[in-house]
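K.L.:
Requesting a structural model of the entry that follows:
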Amino acid sequence: MEALLRYDWPGNVRKLRNVIENCVVMTTGPKIGLRNVPVEVRDATTGGGALASSKFIPARGSKFDLQETEHRLILQALEETGGNVTQAAKKLGISRRTLHRRSMS
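P.N.:
Take a look at the predicted model:
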């Protein structure tokens, strides 16, 4: 429960729902354990999840640039996963196809 409460849940409720459904499927006993929670959610609890806690703040005097922020977040996810596109997409809560499409724009 602590891991679920500490995670930032970027995006929307759909990701929360998917994580809960995944936990239920992966659990063999009567309770969901921390080992059943996805790594990125677990890492937010232990302080290891850089993406979960990252806040992109523009330099003083500059504007928020959504495309630039998205690009930096994709690069960060790819870096944290050693260039593994599937894992980076999972970390971002998007499909591989969406990751590819957004990284090309």
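K.L.:
Show me which helix or strand of the protein is least confident by mean pLDDT.
P.N.:
The weakest-scoring helix or strand in the chain, judged by mean pLDDT, DSSP states H and E, is helix 50-53 (a mean of 45).
K.L.:
Can you name the element that comes right after that helix?
P.N.:
helix 66-80 (DSSP states H and E).
K.L.:
Looking at that following helix now, give me its mean pLDDT.
P.N.:
Averaged over helix 66-80, pLDDT sits at 80.
K.L.:
What is the distance between that helix and the centre of its chain?
P.N.:
Put simply, helix 66-80 sits 12 Å off its chain's centre (C-alpha atoms, centre = their mean, to the nearest Å).
K.L.:
what packs against it?
P.N.:
helix 50-53, helix 85-92, helix 96-104 (3 or more C-beta pairs under 8 Å, 6 or more residues apart in numbering; DSSP states H and E). (Each C-beta comes from the backbone N, C-alpha and C, glycine too.)
K.L.:
Go through the ones you listed and pick out the most buried.
P.N.:
helix 85-92 (a mean of 19; mean count of other C-beta atoms under 10 Å).
K.L.:
okay, the angle between it and helix 66-80?
P.N.:
Comparing the axes of helix 85-92 and helix 66-80 via axes from the mean of the first three to the mean of the last three C-alpha atoms, to 10 degrees yields an angle of 120 degrees.
K.L.:
Just the C-alpha atoms of helix 85-92, please, in PDB.
P.N.:
These are the backbone C-alpha positions of helix 85-92, laid out as PDB (Å, rounded to 0.1, in the frame of the first residue of the first chain):
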ATOM      1  CA  VAL A  85      12.700   0.700 -25.900                       C
ATOM      2  CA  THR A  86      10.200  -1.800 -24.500                       C
ATOM      3  CA  GLN A  87      11.200  -1.100 -20.900                       C
ATOM      4  CA  ALA A  88      11.400   2.700 -21.500                       C
ATOM      5  CA  ALA A  89       7.800   2.600 -22.900                       C
ATOM      6  CA  LYS A  90       6.700   0.600 -19.900                       C
ATOM      7  CA  LYS A  91       8.400   3.000 -17.500                       C
ATOM      8  CA  LEU A  92       6.600   5.900 -19.200                       C
END
